[in-house]
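Peer 1: Curious how this folds, go ahead:
(one chain, ligands or ions: 2)
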Amino acid sequence: MTDQYVAAIDQGTTSSRCIVFDAAGQIVSVAQREHRQIYPRPGWVEHDAEEIWAAVEQVVREALAKASIGADGLVAIGITNQRETTVVWDRATGRPVHHAIVWQDTRTGPLLRRLESEYGEQRFRERTGLPLATYFAGPKLRWLLENVDGLRDRAERGEVLFGTMDSWLIWKLTGRHLTDVTNASRTLLMNLHTLDWDPELLDALGVPAAMLPEIRSSAEVYGTAGRALDGALDEVPVASALGDQQAALFGQTCFQPGEAKCTYGTGSFLLLNTGESPVSSSHGLLTTVGYRIGDRPATYALEGAIAVTGSLVQWLRDNLGLISSAPEVEDLARTVEDNGGCYVVPAFSGLFAPHWRSDARGVIAGLTGYVTKGHLARAVLEATAWQTREVVDAMNADSEVALRRLRVDGGMVANGLLMQFLADVLDVPVVRPQISETTCLGAAYAAGLAVGFWPDLATLRAQWRQDAQWQPAMEPAHRDRELRNWRKAVDRTLGWVEDED
Ligand SMILES: Nc1ncnc2c1ncn2[C@@H]1O[C@H](COP(=O)(O)OP(=O)(O)O)[C@@H](O)[C@H]1O
Ligand SMILES: O=P(O)(O)OC[C@H](O)CO
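Peer 2: Ligands and ions are numbered 1, 2, ... in the order given. As a prediction, this is how the structure comes out:
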C-alpha cells in the first residue's frame with residue numbers, strides 16, 4: 001500500500017497555505033501565497049474572494065507537487081480560515097457580489113450603535129456569547145444588504161449566498177453551501193445553545209434565512225472535491241472546517257477543560273477549553289464553540305481576542321523603519337536592559353478583549369529623553385505580553401480555575417525574549433510545541449478523524465511534542481510595578497475618539 005496523507009488549507013488574513021501531513025502529524029510539504037489587502041477608506045479592509053480562491057487552488061497544487069503525491073495519496077482535506085470575514089456570492093454564477101469585508105474592518109460602528117439602542121447588547125450576548133462589535137460577521141452582512149444595489153431582494157429570493165471563508169471554500173470545492181459550527185459561532189447570528197441560526201437575531205439584523213449556509217460539525221465529510229481544480233483532487237473527501245483559532249486549539253490537542261493555547265500572529269487569540277457547556281464571561285471574553293466532532297456534543301471555549309500584536313512589529317518595520325525584518329526586533333530589544341520607562345499600547349483599531357473599546361487609540365507613554373529605539377523595541381514586544389496578561393486575568397476571573405501553563409504557537413513564538421517576558425508577566429510556564437503550524441495541523445487532525453485515518457483524540461494527543469519551555473523568573477514586586485504602569489498607559493488610550501461617525 002502506498003503512504004497516505006492528509007492535507008489542510010489555511011486561508012488566513014494575509015495569505016493562504018496548504019500543508020500536507022503524514023500519519024505521525026509531521027509536515028511533508030508546505031505552499032503559501034499572499035493576497036492583496038484592499039483599504040478603500042481608513043478603517044475599511046477588504047479581500048477579493050476570487051483572488052483568494054485562485055491562491056488556494058495554486059497552493060493546493062504546489063503542496064501536492066512538492067510532496068510528490070496525487071489525489072490518490074490523500075485520505076482527506078481539511079479547511080481552516082480567518083474568521084468573521086464575510087462574502088456574499090451569486091448562487092448561479094458563483095461570483096462574489098462585492099469584495100469580502102474583513103474581520104478588522106470597522107465600517108459597521110454606526111450600525112452597531114443603532115442595534116444596541118434598539119435591542120440592547122445583552123440580548124445578543126446571552127444568545128451568541130459575543131458583544132456587539134464591528135469584529136463579527138452578521139453586521140458586515142447587514143452592511144452589504146444595505147449597500148449593494150438590489151441585494152436584499154435577491155437574498156430573499158435565495159439567489160445570493162452568504163458565507164465566511166470556510167463556506168466560500170467548501171462551495172468552491174464541493175458545490176455545497178455549508179459552514180461549520182465554530183465559524184457560525186462568530187456571526188452574532190447563531191444561538192450558542194441550540195447551535196442553529198436564531199430567528200430573532202436574524203430578524204434584528206435583517207438577514208434573510210434563505211441566504212445562510214447549513215451549520216454542520218467541524219469534522220465530517222461535507223462532500224468530495226470532484227469538480228474543483230480541474231479534477232486535481234479527484235474524489236478526495238472535504239472532511240473538516242474550523243475557524244483558525246479553534247483549529248490551533250485542536251492542533252495543540254487542548255482537549256481537556258482547563259487547557260489553553262495562545263496563537264501569536266498578526267493579532268493574538270487565547271482560547272481556553274471549557275468543556276461541553278458554554279461559560280459566559282463577565283470580564284470581556286468571548287464565548288465560542290471550540291470544535292464539534294461529528295455528532296458528538298460540542299466543546300466550548302472562552303476566548304480572549306487581541307487585535308494587534310505581530311502587526312505592531314510590522315508597524316515598527318514598515319511605518320517607522322526601525323528594523324528591516326520582524327525577527328530583528330529581538331536583536332534591537334536586546335541592546336537594552338529594560339523598557340527605559342516606555343510603554344506602547346497598540347489600540348490601532350480600538351481595543352479588543354477584555355476592553356472592547358472602539359474609542360481607544362494607540363499611545364506611547366512614559367517618553368523621556370532617555371528612551372532609545374532599543375527601549376521602544378522592548379516596549380513593542382512587552383505590549384504583546386501585557387495584552388495577554390489582561391486576557392489571562394479575565395480568564396482566571398471567569399473560569400475560577402487559574403491557568404497553570406500556556407501552550408503557544410504562531411509566527412511570534414520564534415522570539416525567545418518575548419517568550420521569557422511572557423512567562424514572567426503571566427507567572428506560569430510557557431510551552432512551545434515542535435510543530436508550530438498548529439492551525440493547519442488542527443484542521444488536518446479533524447479531517448483525518450472524520451475519515452477514520454486517526455482513531456481517536458488520545459492518538460492525536462500522543463503525537464504532541466514539546467520544543468521549548470520558559471519558566472517565570474521575574475521578581476513579583478517588579479512585575480506588579482510594571483503592570484501598574486501598563487494599566488496607566490492603557491487608561492490613556494480610552495476615549496480618544498469622540499465621534500466615530
Ligand atoms: N521573531 C519575531 N519576533 C516578533 N514578531 C515576529 C517574529 N517573526 C514574525 N513576527 C510577527 O508575526 C506575524 C506573522 O505570524 P503568522 O503566524 O504568520 O501570522 P498570521 O497567520 O496572522 O499571518 C507578523 O505580524 C510578524 O510581525
Ligand atoms: O488569519 P489570522 O491568523 O490573522 O486570524 C484571524 C482571526 O481568525 C480573526 O478572528
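
Peer 1: mind listing what's buried in stretch 244-254?
Peer 2: When burial is assessed from 16 or more other CB atoms under 10 Å, stretch 244-254 yields the following buried residues: 244-254. Just so you know, the C-beta spots here come from the backbone N, C-alpha and C atoms, and that holds for glycine as well.

Peer 1: Closest to residue 51 out of the residues you listed?
Peer 2: When the buried residues of stretch 244-254 are ranked by distance to residue 51 (CB to CB), residue 244 comes first, at 18.8 Å.

Peer 1: measure the residue nearest the centre of the chain to residue 97 for me?
Peer 2: With distances taken as CA atoms, centre = their mean, residue 245 lies nearest the centre of the chain, 4.3 Å away. Look at residue 245 and residue 97: by CB to CB, to the nearest Å, they are 28 Å apart.

Peer 1: thinking again about what came up before, of the buried residues of stretch 244-254, which are in range of ligand 2?
Peer 2: Subset of the buried residues of stretch 244-254 in contact with ligand 2: 244-245, counting by CB under 6 Å from any ligand atom.

Peer 1: could you redo the buried residues of stretch 244-254 as TSV and give each row pLDDT and secondary structure?
Peer 2: Output for the buried residues of stretch 244-254, formatted as TSV (pLDDT from 0 to 100; DSSP: H, G, I helix; E, B strand; the rest coil):
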residue	pLDDT	secondary structure
244	96	helix
245	97	helix
246	97	helix
247	97	helix
248	96	helix
249	97	helix
250	97	helix
251	96	helix
252	95	coil
253	96	coil
254	95	coil
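
Peer 1: And the furthest pair within the buried residues of stretch 244-254?
Peer 2: Top of the distance list for the buried residues of stretch 244-254 (CB to CB): 244 and 253, 16.3 Å.

Peer 1: Next, the contact list for the closest residue to ligand 1 within the stretch 401-501 of the chain, please.
Peer 2: Proximity of the stretch 401-501 of the chain to ligand 1 (CB to the nearest ligand atom) peaks at residue 411, 2.1 Å away. Applying CB atoms under 8 Å, 6 or more residues apart in numbering, we find residue 411 in contact with 264-265, 310, 326.

Peer 1: go again using 6 Å as the cut-off
Peer 2: 265, 310 (CB atoms under 6 Å, 6 or more residues apart in numbering).

Peer 1: With residue 340 instead?
Peer 2: 370-371, 375.

Peer 1: Quick one: buried ones out of those residues?
Peer 2: 371, 375.

Peer 1: Among the contacts of residue 340, which ones are in helices?
Peer 2: residue 375 (DSSP state H).

Peer 1: Spell out which parts of the stretch 351-500 of the chain neighbour ligand 1.
Peer 2: Of all the residues in the stretch 351-500 of the chain, those lying near ligand 1 are 410-412, 414-415, going by CB under 6 Å from any ligand atom.

Peer 1: ok, residue 370 to residue 336 distance?
Peer 2: Going from residue 370 to residue 336 by CB to CB gives 10 Å.

Peer 1: nope, residue 482 is what I meant
Peer 2: Relative to residue 336, residue 482 is positioned 15 Å away (CB to CB).

Peer 1: And the strands in the stretch 251-400 of the chain?
Peer 2: With strands called from DSSP state E, counting those that start in this stretch, the stretch 251-400 of the chain shows them at 260-264, 268-275, 286-291, 299-306, 343-345, 363-365.

Peer 1: Residue 439 contacts residue 80, correct?
Peer 2: Yes - the criterion here is CB atoms under 6 Å, and residue 439 meets it with residue 80 at 5.4 Å.

Peer 1: Can you pull the residues that touch both of these two?
Peer 2: With CB under 6 Å, 6+ apart as the test, residue 439 and residue 80 both reach 10, 244, 247.

Peer 1: Give the helix, strand or coil label for the closest residue to residue 365 other than its chain neighbours.
Peer 2: With sequence-adjacent residues excluded and distances taken as CB to CB, 6 or more residues apart in numbering, residue 365 is closest to residue 489, at 3.9 Å. What DSSP: H, G, I helix; E, B strand; the rest coil gives for residue 489 is helix.

Peer 1: show me what contacts residue 489?
Peer 2: 343, 345, 365.

Peer 1: In the protein, where is pLDDT below threshold?
Peer 2: Applying pLDDT under 70 to the chain flags residues 1-2, 499-501.

Peer 1: near ligand 1, which residues of it?
Peer 2: 12-14, 265-266, 310-311, 313-314, 326-327, 329-330, 410-412, 414-415.

Peer 1: how close does the residue of the chain most remote from its centre sit to ligand 1?
Peer 2: Note on the chain: the largest C-alpha distance from the chain mean falls to residue 369, namely 38.7 Å (CA atoms, centre = their mean). Applying CB to the nearest ligand atom, to the nearest Å, the value for residue 369 to ligand 1 is 27 Å.

Peer 1: related to what we said a few turns ago, just send the strands of the stretch 251-400 of the chain back as CSV, with mean neighbour count and distance to residue 49 too.
Peer 2: Converted to CSV, the strands of the stretch 251-400 of the chain look like this (neighbours: other CB atoms under 10 Å; distance: least, CB to CB, whole Å):
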stretch, mean neighbour count, distance to residue 49
strand 260-264, 27, 24
strand 268-275, 24, 23
strand 286-291, 26, 24
strand 299-306, 26, 23
strand 343-345, 24, 34
strand 363-365, 18, 36
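
Peer 1: hmm, back to that, between residue 439 and residue 80, who's got more neighbours?
Peer 2: Shown here are residue 439 and residue 80; by other CB atoms under 10 Å, residue 80 has more neighbours (38 against 30).

Peer 1: Mind listing the residues bridging to the more buried one?
Peer 2: residue 10, residue 242 (DSSP bridges).

Peer 1: contacting residues for it?
Peer 2: 10, 242, 244, 247, 439, 443.
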